[in-house]
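A.B. asks: how does the following fold in three dimensions:
(one chain, ligands or ions: 2)
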Amino acid sequence: MAQLLPRERTEIAPGAFHVPDWLSPDQQRELIAACRDWATGPVPMRNTRMPNGSHMSVQTVCLGWHWMPYRYSKTADDVGGGTVAEFPSWLAGLGRDAVTAAYGERDDSYEPDAALINFYDSTAKMGMHQDREEKSLAPVVSLSIGDSCLFRFGNTETRNKPWTDVRLESGDLFVFGGASRLAYHGVMKTYPGTAEPSLELNGRLNITLRVTGL
Ligand SMILES: O=C(O)CCC(=O)C(=O)O
Ligand SMILES: [Fe+2]
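C.D. replies: Ligands and ions are numbered 1, 2, ... in the order given. Predicted coordinates:
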């Protein structure tokens with residue numbers, strides 16, 4: 001979105017940083033192309049089935065480890081049983097750059113081994129949840145591309161207030177680690193049609209990188 005003043009890097013909660021406009025337009029285009037490729041398999045992108053039989057409105061495909069409620073696996077046991085695609089080393093490098101940008105300190109030991117690629121159409125959302133299937137407390141890196149969204153970042157105790165609402169726009173980075181690693185968070189809604197038209201993406205992509213510790 002065009003604006004006069006740059007949006008600034010902000011600590012939303014202890015250890016949780018929003019870094020606006022972190023990805024260049026070219027990087028965003030490259031990641032969209034990569035996501036289109038990942039969405040074709042070996043495991044298809046799907047609306048994850050929850051234990052109560054409902055389906056998430058977000059569509060997800062994974063790299064490195066397949067996430068399903070509520071565990072990781074090397075095979076997509078809830079989507080045909082295929083073997084999850086490899087986690088590319090260039091994506092781990094991007095994750096290290098992201099952690100460095102968020103915390104202002106180089107961390108070459110950061111080695112994400114799982115990615116969730118989430119696609120939000122105009123009505124998709126994600127309820128408040130913790131990312132807690134990982135055995136590691138290393139930070140989670142989150143990249144947003146396409147339509148903007150209303151991201152809610154809460155506290156580690158409950159899915160209720162206090163929380164901070166953040167508008168995540170295309171190219172934004174959000175990293176949560178340290179005291180906020182297990183904070184509840186969710187996507188309340190997207191803002192359809194806000195993606196830069198030249199991206200040719202109708203919806204919102206989110207890529208989260210995690211260290212599973214598995
Ligand atoms: O789409 C987002 O910004 C958040 C995604 C998320 O929280 C998750 O995949 O666990
Ligand atoms: Fe999450």
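A.B. asks: contacts and neighbour counts: CA atoms only from here.
C.D. replies: Noted.
A.B. asks: for the residue of the chain at minimum distance from ligand 1, name its beta-bridge partners.
C.D. replies: Of all residues in the chain, the one sitting closest to ligand 1 is Asn206 (4.8 Å; C-alpha to the nearest ligand atom). Bridge pairing for Asn206 (DSSP bridges) gives the partners Asn118, Ser144.
A.B. asks: contacts for stretch 118-128?
C.D. replies: With contacts defined as C-alpha atoms under 8 Å, 6 or more residues apart in numbering, stretch 118-128 is touched by 56-61, 152, 159, 184-192, 202-207.
A.B. asks: show me what contacts the residue of the chain closest to ligand 1?
C.D. replies: When contacts are counted by C-alpha under 8 Å, 6+ apart, Asn206 touches 116-119, 142-145.
A.B. asks: repeat that with 7 Å
C.D. replies: Shown in contact with Asn206 (C-alpha atoms under 7 Å, 6 or more residues apart in numbering): 117-119, 142-145.
A.B. asks: per-residue pLDDT, it?
C.D. replies: In this model, Asn206 is scored at 98, pLDDT.
A.B. asks: tell me if stretch 167-174 is near ligand 1.
C.D. replies: No. Contact between stretch 167-174 and ligand 1 is absent, the nearest approach being 7.6 Å (criterion: C-alpha under 6 Å from any ligand atom).
A.B. asks: distance between the ends of that stretch?
C.D. replies: Stretch 167-174 has its terminal residues 11 Å apart, counting by C-alpha to C-alpha, to the nearest Å.
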